[in-house]
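Participant: please find the sequence and the predicted model below.
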Amino acid sequence: MTGARGKDIDDTGFKGGCLCGKIRYRSSSDPLATVHCYCTDCRRIGGTGHATHTVVPEVAFHLSGKVSEYQRSADSGNQINRRFCPQCGSAIFHTREGLEGKVVIRTSSLDDPEITKPDRVLYVSSAISWDHIDPDLPSFKKMAGEK
Ligand SMILES: [Zn+2]
Ligand SMILES: [Zn+2]
């Protein structure tokens with residue numbers, strides 16, 4: 001990755017990467033949104049009852065390192081293409097149909113996850129009973145818009 005000391009670096013944006021360090025990325029945009037998702041796919045590939053995702057514009061997302069991919073249909077029917085480190089298995093980001101032009105980063109991969117805060121909760125309909133749902137956040141049965 002070039003431009004580490006280049007003209008395009010300023011105070012906006014953030015960086016992240018995987019556990020082993022093979023995959024690194026930089027977002028030149030601040031997060032557009034950060035969401036908790038309690039869907040069964042996020043649960044199964046994550047480490048606990050839900051996953052937290054941070055959305056940025058695709059044009060702002062700069063990846064270094066070669067990720068592996070796993071594509072699968074979501075229950076909406078949309079294809080989701082999940083990217084992870086082939087070495088250590090860390091989930092890094094996904095893209096999906098219906099959300100063109102955006103990259104959905106695993107918030108757990110941010111170098112400093114404190115730079116953002118979840119603003120909504122998705123798929124509470126499939127949440128596990130013991131996984132706490134923040135009552136102060138707007139929540140949706142499935143995707144946002146489906147109360
Ligand atoms: Zn790795
Ligand atoms: Zn999910």
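Facilitator: Okay, I see it. Ligands and ions are numbered 1, 2, ... in the order given.

Participant: please name every helix or strand in contact with the lowest-mean-pLDDT helix or strand in the chain.
Facilitator: One helix or strand of the chain scores below all others by mean pLDDT, DSSP states H and E: helix 40-45, with a mean of 92. Here helix 40-45 touches strand 51-57, going by 3 or more Cβ pairs under 8 Å, 6 or more residues apart in numbering; DSSP states H and E. All C-beta spots, glycine's among them, are computed from the backbone N, C-alpha and C.

Participant: again, 10 Å this time
Facilitator: On a contact count with 3 or more Cβ pairs under 10 Å, 6 or more residues apart in numbering; DSSP states H and E, helix 40-45 meets strand 51-57, strand 68-73, strand 79-84, strand 91-96.

Participant: hang on, Ser76 packs against Arg96?
Facilitator: Yes - using Cβ atoms under 10 Å, Ser76 is in contact with Arg96, at 8.8 Å.

Participant: closest to Phe140 out of the helices and strands packed on helix 40-45?
Facilitator: Nearest of the helices and strands packed on helix 40-45 to Phe140, taken as Cβ to Cβ: strand 51-57 at 13.8 Å.

Participant: which elements pack onto that closest one?
Facilitator: Counting contacts by 3+ Cβ pairs under 10 Å, 6+ apart, strand 51-57 packs against strand 14-17, strand 24-27, strand 33-37, helix 40-45, strand 91-96, strand 102-106, strand 120-122.

Participant: so which bits of this structure are right by ligand 1?
Facilitator: 18, 20, 22, 85, 87-88 (Cβ under 5 Å from the ion).

Participant: go again using 8 Å as the cut-off
Facilitator: Contact residues, the chain versus ligand 1 (Cβ under 8 Å from the ion): 17-23, 65, 85-90.

Participant: nothing else from me, thank you.
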